[in-house]
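Student: what follows is a predicted protein model with its sequence.
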Amino acid sequence: MTPATAWVSGAEDAQPVPSQEVLRGLGVGRGCVVAPVVVLAAPARVPTDEPVPADLEVAEAQLRGALGAVAADLRRQADEATLASLRDMLQAAGTIAADPALAAESVRLLRSGLGPATAVDRAVGQFAEVFAAAGGALAERVTDLRSVRHRVVARLLGVPEPGLPTLTGPTVVVAEDLSPADTAGVDLHHTVAIVTELGGRTSHTAIIAGQLGLPCVVQVTGVTAVTPGTRVLVDAAAGTITVAPTEDQTQEAARRQERARRLADDLSAGATADGHPVALLANIGTAEDADRAAETVQEGVGLFRTEVLFLDRATAPTVAQQISAYRTVVRAYAGHKVVVRTLDAGADKPLAFVRTTTEENPALGVRGYRLVRTAAPLLEAQLEALGSVIAMLPAERQTDVWVMAPMIATAAEARAFALSARAAGVQRVGVMVEVPAAALSASEILAEVDFVSLGTNDLAQYTMAADRLRGELSDLLDPWQPAILALVAGTATAGAHLHKPVGVCGESAADPLMALVLVGLGVTSLSMAPAAVPAVRYALAHHTLEQCRAIAEVARGAVDAAGGRSAAAASMDAEVRDVLGLG
Ligand code: PEP
Ligand code: MG
């Protein structure tokens, strides 16, 4: 493969996609854009007849050298990455490349009579199988493993590593899957959308696209067969890719983009058409996120995922280190509200310094708040740091710091957390409702705390018993499922009776149609990726609270998720539906 052909097609055996074909997948975000496609190079194939090396010592040195060079490259890319989440992901891939177990297995296979590229390919295949079978966080690492494989194999075969050509204008980047390392090589100034065949709504690609506000569609079967250079219309709201769109479709997409730009100019506080306030808040994970979000989402932060700050640490951060991290975020939102979530480690969010025993079902194990059972000093240190930050805030620009615990299941847990947080000096204490038991005990839990926030991502996972990392279960994980809506409704009603705030900070809050339903059910604030706020603000501003209640009622009357969504869409204001492309 030469550099010039390296990116020409993603799949050698694929048939060209005929014009005007509409490919479907899962949309991330709401944007739409028309631009030519560039397809990320297909990974190098290992020849079936790779020669067995004559000199095993030399071959072993080459193999170890290739792994080492890839590890060093990934770490260099991590150091240069400007997005914190990308940096963490690159570091994780670098750690995999440097893992002695991967080198040892590859060398064992080499010495058993395989060629060096075949040995690495097989070793990675074995690890990937084990990771995928383990599920959860380990399954998420499979993309990193494969990206390490592609790089090492390319080096051993002396062919170019997979990558993109230099982009010269607006481009839709298409790939089978995008590893963090691939993403690091993407020219983000010219990339206007990302489309992949694999991945899910919580995959690396989706997270990074969401943070950058790029339209993204994942799980689009056949998209790598689109001829490079072909113009496509990427519609993240509809989850579609229209190959070679007509002039009319292109103009309509441009009109939607222009409308989206105009919506983003409105920075007013969230409220329904009749003035019922609904705070629109940002989900953030780092100080950088806070600085970026503060420019457009001015009402505050509804979910600060503190574990994101510590993903790359091998040892627990000290209280002083935590104070410094939290202060930066809290300062970016001086005068506004910041809801800090205590460490949500375990299951899909492993932290190296949080030792968990090997569990068969980590998502059902010691994760989130449950870590007080095994690592109480972690929570104590975090609350101490938060209390100190609050005590240091200047009186004239007080940030309203709230704290909440993830994965609460019982009122007793809520009470214990509230006691510890108040003792540390935090005034406003709440918990997340993301376990069905918590939703069903919302009144008892709210009696113990000042507020709750619905984490609909996990609430969907636990209500439907469907792993949130499995893209193929996305129909079950759909927040429009009647059972999930019922739990949200019950929690909001409990909050209304007790006059306590009930927010939503899961991905469902970012869907403007669902936002109308949530507000109609009695939810008092919505927290989401900053790029999602303008459309949600617009939808709310064009419906009264009574209308939201009526939309919520029709959604709840449906027997399945698709029926709820379409009934709600049919009941909303038709012009707003058109403007937001929710038809
Ligand atoms: C959720 O579960 O909905 C949530 C907001 O928390 P996270 O996605 O971080 O688990
Ligand atoms: Mg959660």
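Tutor: Looks like it came in fine. Ligands and ions are numbered 1, 2, ... in the order given.

Student: only C-alpha atoms for contact and neighbour calcs from this point on.
Tutor: Will do.

Student: can you name the residue of the stretch 401-550 of the chain nearest to ligand 1?
Tutor: Gly455 (3.0 Å; CA to the nearest ligand atom).

Student: list the contacts of that residue.
Tutor: Contacts for Gly455 (CA atoms under 8 Å, 6 or more residues apart in numbering) come out as 432-434, 504-506.

Student: following element in sequence after the longest helix anywhere in the chain, please.
Tutor: Longest helix of the chain, by residue count under DSSP state H: helix 56-80. Counting by DSSP states H and E, the element after helix 56-80 in chain order, helix or strand, is helix 84-97.

Student: so which elements touch whichever helix or strand comes after that following helix?
Tutor: For helix 84-97, the succeeding helix or strand toward the C-terminus, using DSSP H and E, is helix 100-111. For helix 100-111, the elements it packs on are helix 56-80, helix 116-134, judged by 3 or more CA pairs under 8 Å, 6 or more residues apart in numbering; DSSP states H and E.

Student: out of these, nearest to ligand 1?
Tutor: Taking CA to the nearest ligand atom, helix 116-134 is the member of those nearest to ligand 1, at 18.8 Å.

Student: what about the contacts of Gly455, which one has the most neighbours?
Tutor: Val433 (31 neighbours; other CA atoms under 10 Å).

Student: the closest residue to that one other than its chain neighbours and Ala460, how far apart?
Tutor: Spatial nearest neighbour of Val433, excluding adjacent residues (CA to CA, 6 or more residues apart in numbering): Leu454 at 4.6 Å. Distance, Leu454 to Ala460, by CA to CA, to the nearest Å: 11 Å.

Student: give me the common contacts of those two.
Tutor: What both Leu454 and Ala460 touch, as defined by CA under 8 Å, 6+ apart, is the set Glu434.

Student: interface residues of this structure facing ligand 1?
Tutor: 434, 455-458, 505-506 (CA under 6 Å from any ligand atom).

Student: would JSON lines of those residues with secondary structure and pLDDT be doable?
Tutor: Converted to JSON lines, the residues of the chain next to ligand 1 look like this (DSSP: H, G, I helix; E, B strand; the rest coil; pLDDT from 0 to 100):
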{"residue": "Glu434", "secondary structure": "coil", "pLDDT": "97"}
{"residue": "Gly455", "secondary structure": "coil", "pLDDT": "97"}
{"residue": "Thr456", "secondary structure": "helix", "pLDDT": "95"}
{"residue": "Asn457", "secondary structure": "helix", "pLDDT": "91"}
{"residue": "Asp458", "secondary structure": "helix", "pLDDT": "94"}
{"residue": "Cys505", "secondary structure": "coil", "pLDDT": "96"}
{"residue": "Gly506", "secondary structure": "coil", "pLDDT": "92"}
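
Student: in a markdown table: those, plus distance to Arg146.
Tutor: Converted to a markdown table, these look like this (distance: CA to CA, whole Å):
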| residue | distance to Arg146 |
| --- | --- |
| Glu434 | 32 |
| Gly455 | 31 |
| Thr456 | 31 |
| Asn457 | 27 |
| Asp458 | 27 |
| Cys505 | 32 |
| Gly506 | 29 |
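
Student: wait, Ala287 touches Thr328, no?
Tutor: Yes - using CA atoms under 8 Å, Ala287 is in contact with Thr328, at 6.0 Å.

Student: and the two? Which one has more around it.
Tutor: Per other CA under 10 Å, whichever of Ala287 and Thr328 has more neighbours is Ala287, with 20 against 16.

Student: give me the pLDDT for that one.
Tutor: pLDDT recorded at Ala287 is 85.

Student: how much space separates it from ligand 1?
Tutor: 16 Å (CA to the nearest ligand atom, to the nearest Å).

Student: what of Arg111?
Tutor: Distance from Arg111 to ligand 1, by CA to the nearest ligand atom: 44 Å.

Student: residues in contact with that residue?
Tutor: Shown in contact with Arg111 (CA under 8 Å, 6+ apart): Leu56.

Student: could you chop this structure up by domain?
Tutor: 3-43+163-260, 56-157, 266-579 (automatic domain parsing).

Student: who wins for proximity to Asp49 among these?
Tutor: domain 56-157 (8.5 Å; CA to CA).

Student: how long is the closest one end to end?
Tutor: Note: domain 56-157 ends 16 Å apart using CA to CA.

Student: so for that domain, what's the average pLDDT?
Tutor: 86.

Student: over to stretch 36-44?
Tutor: On average, the pLDDT along stretch 36-44 is 84.

Student: report the distance from it to the chain centre.
Tutor: Here the centre of stretch 36-44 is set off from its chain's centre by 23 Å, with CA atoms, centre = their mean, to the nearest Å.

Student: tabulate the domains of the chain in CSV, adding columns for distance to Glu50.
Tutor: Below are these laid out as CSV (distance: least, CA to CA, whole Å):
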stretch, distance to Glu50
domain 3-43+163-260, 16
domain 56-157, 6
domain 266-579, 35
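
Student: which residues touch the helix or strand hosting Val152?
Tutor: Secondary structure assigned from DSSP H and E places Val152 in helix 142-157. With contacts defined as CA under 8 Å, 6+ apart, helix 142-157 is touched by 43-44, 46, 62-63, 66-67, 70, 92-93, 96-97, 116-117, 120-121, 124, 128, 131-132, 160-162, 177-182.

Student: given the helix or strand just after it, what are its sheet partners and their directions?
Tutor: Using DSSP H and E, the next helix or strand after helix 142-157 towards the C-terminus is strand 171-175. According to DSSP bridges, strand 171-175 forms sheet pairs with strand 32-39 (parallel), strand 191-196 (parallel).

Student: contacts for strand 171-175?
Tutor: 10, 35-41, 190-197, 223-224, 232.

Student: low pLDDT regions in the stretch 351-500 of the chain?
Tutor: The stretch 351-500 of the chain contains residues with pLDDT under 70 at 355-357, 395-397, 471.

Student: please enumerate the strands of it.
Tutor: With DSSP state E, counting those that start in this stretch as the criterion, the stretch 351-500 of the chain has strands at 400-405, 428-433, 451-454.

Student: what comes into contact with the helix or strand containing Thr328?
Tutor: Applying DSSP H and E as the criterion places Thr328 in helix 319-332. By CA under 8 Å, 6+ apart, the residues outside helix 319-332 that reach it are 286-287, 290-291, 294, 309, 338, 381-382, 384-386, 388-389, 399, 401.

Student: out of those, what pair is the most spread apart?
Tutor: Top of the distance list for the contacts of helix 319-332 (CA to CA): Ala294 and Ala381, 27.2 Å.

Student: who wins for proximity to Ser441 among the helices and strands packed on helix 100-111?
Tutor: Nearest of those (CA to CA): helix 116-134, 31.7 Å.

Student: report the buried residues of that closest one.
Tutor: Neighbour counts over helix 116-134 (16 or more other CA atoms under 10 Å) mark 116-125, 127-128, 131 as buried.

Student: output those as JSON lines; include the columns distance to Leu469.
Tutor: Output for the buried residues of helix 116-134, formatted as JSON lines (distance: CA to CA, whole Å):
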{"residue": "Pro116", "distance to Leu469": "33"}
{"residue": "Ala117", "distance to Leu469": "30"}
{"residue": "Thr118", "distance to Leu469": "30"}
{"residue": "Ala119", "distance to Leu469": "29"}
{"residue": "Val120", "distance to Leu469": "27"}
{"residue": "Asp121", "distance to Leu469": "25"}
{"residue": "Arg122", "distance to Leu469": "25"}
{"residue": "Ala123", "distance to Leu469": "24"}
{"residue": "Val124", "distance to Leu469": "21"}
{"residue": "Gly125", "distance to Leu469": "20"}
{"residue": "Phe127", "distance to Leu469": "18"}
{"residue": "Ala128", "distance to Leu469": "16"}
{"residue": "Phe131", "distance to Leu469": "13"}
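
Student: taking those, tell me the two that lie furthest apart.
Tutor: Greatest spatial distance in the buried residues of helix 116-134: Pro116 and Phe131, 22.5 Å, computed using CA to CA.

Student: sec struct for Phe563, please.
Tutor: No, residue 563 isn't Phe; it's Gly. helix (DSSP: H, G, I helix; E, B strand; the rest coil).
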